[in-house]
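Engineer: give me a 3D structure for the following:
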Amino acid sequence: MIRIRRSSERGHVNHGWLDTYHTFSFSSYYDPEQMGFRSLRVMNEDTIAPGQGFGTHPHRDMEIVTYVLEGALEHRDSMGHGEVLRPGEFQRMTAGTGITHSEFNPSADEPVHLYQIWILPDRKGHQPSYEQKQFPPETLLNRLRLVASAEARAGSLQIHQDTSIFLARLEAGKGVIHPLQPDRHGWLQVLRGSVTLNGQQLQAGDGAAISEEFHLDIMAKESAEIMLFDMH
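Structural biologist: Numbers count the residues shown, from 1 in each chain. So this is what the prediction gives:
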């Protein structure tokens with residue numbers, strides 16, 4: 001079963017400094033039918049204006065993954081990290097017992113375009129921690145590259161949940177195949193371009209909740225970038 005969540009159906013708020021789309025209920029956007037999927041709780045696509053950002057604010061008991069598509073994002077947190085994320089870079093933050101952090105666009109003239117993803121952890125009370133990583137572009141081309149997993153397999157970021165996150169950049173006409181075990185579920189998020197998922201068309205910003213499908217055939221209709229979640 002594949003249930004498509006169209007980009008145009010997402011919650012949308014433009015604050016001027018922040019243009020944001022919410023796949024699931026978040027902040028002022030609330031839809032009782034869209035509260036997340038399995039352990040996936042937040043899927044936000046944000047564009048932050050030059051010189052703007054999120055001031056220092058707290059989190060706890062959440063796995064937060066950020067992926068920058070364009071521009072740069074400056075990060076500071078209560079653990080002492082001060083980093084800049086650039087296109088193609090991932091950040092994983094375990095909020096655990098509690099952290100504060102800020103995210104800011106340091107550019108004077110370029111917006112930053114990113115996805116922020118929240119995943120419910122396997123338990124409460126993890127020790128807060130932080131990772132940042134960029135994966136070589138050639139490892140993403142026309143293949144699914146593991147970028148986050150519970151065991152930090154294959155050099156991936158570690159998240160405290162039985163969820164594996166894959167990234168792929170597909171050339172037009174190229175595709176990838178991913179098997180899902182009988183007790184597993186999937187979420188496909190199209191970051192750029194357009195693809196078909198088992199014959200169903202998805203555009204940039206579209207997502208798809210996947211259950212009881214054991215064979216995922218993802219084909220790019222044009223140059224595309226996708227993120228795939230394999231979840232318990």
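
Engineer: straight-line length of stretch 164-177, end to end?
Structural biologist: End-to-end distance for stretch 164-177, by Cα to Cα, to the nearest Å: 15 Å.

Engineer: contacts for that stretch next, please.
Structural biologist: 65, 67, 135, 137, 140-150, 153, 156, 159, 178, 193, 195, 215-231 (Cβ atoms under 8 Å, 6 or more residues apart in numbering). For glycine as for every other residue, the C-beta is placed from the backbone atoms N, C-alpha and C.

Engineer: tell me how far that stretch lies from the chain's centre.
Structural biologist: 15 Å (Cα atoms, centre = their mean, to the nearest Å).

Engineer: again with stretch 37-57
Structural biologist: 10 Å.

Engineer: buried only: go through the contacts of stretch 164-177 for me.
Structural biologist: 65, 67, 135, 140, 144-149, 156, 159, 178, 193, 195, 216, 218-220, 224-231 (16 or more other Cβ atoms under 10 Å).

Engineer: nearest the middle, which residue of this structure would you pick?
Structural biologist: Centroid-nearest residue in the chain: residue 117, 4.4 Å away (criterion: Cα atoms, centre = their mean).

Engineer: what's the pLDDT at that residue?
Structural biologist: Here, the pLDDT recorded for residue 117 equals 98.

Engineer: for it, which non-adjacent residue is spatially closest?
Structural biologist: Spatial nearest neighbour of residue 117, excluding adjacent residues (Cβ to Cβ, 6 or more residues apart in numbering): residue 65 at 4.4 Å.

Engineer: tell me who's in contact with the one you found.
Structural biologist: Applying Cβ under 8 Å, 6+ apart to residue 65 gives the contacts 90, 91, 92, 93, 116, 117, 118, 119, 148, 157, 159, 165.

Engineer: out of these, who's nearest residue 35?
Structural biologist: residue 118 (12.0 Å; Cβ to Cβ).

Engineer: for the helix or strand that closest one falls within, name the packing helices and strands.
Structural biologist: In this assignment (DSSP states H and E), residue 118 forms part of strand 112-119. Strand 112-119 sits against strand 40-48, strand 63-70, with contacts defined as 3 or more Cβ pairs under 8 Å, 6 or more residues apart in numbering; DSSP states H and E.

Engineer: can you tell me which of those is nearest to residue 210?
Structural biologist: strand 40-48 (11.5 Å).
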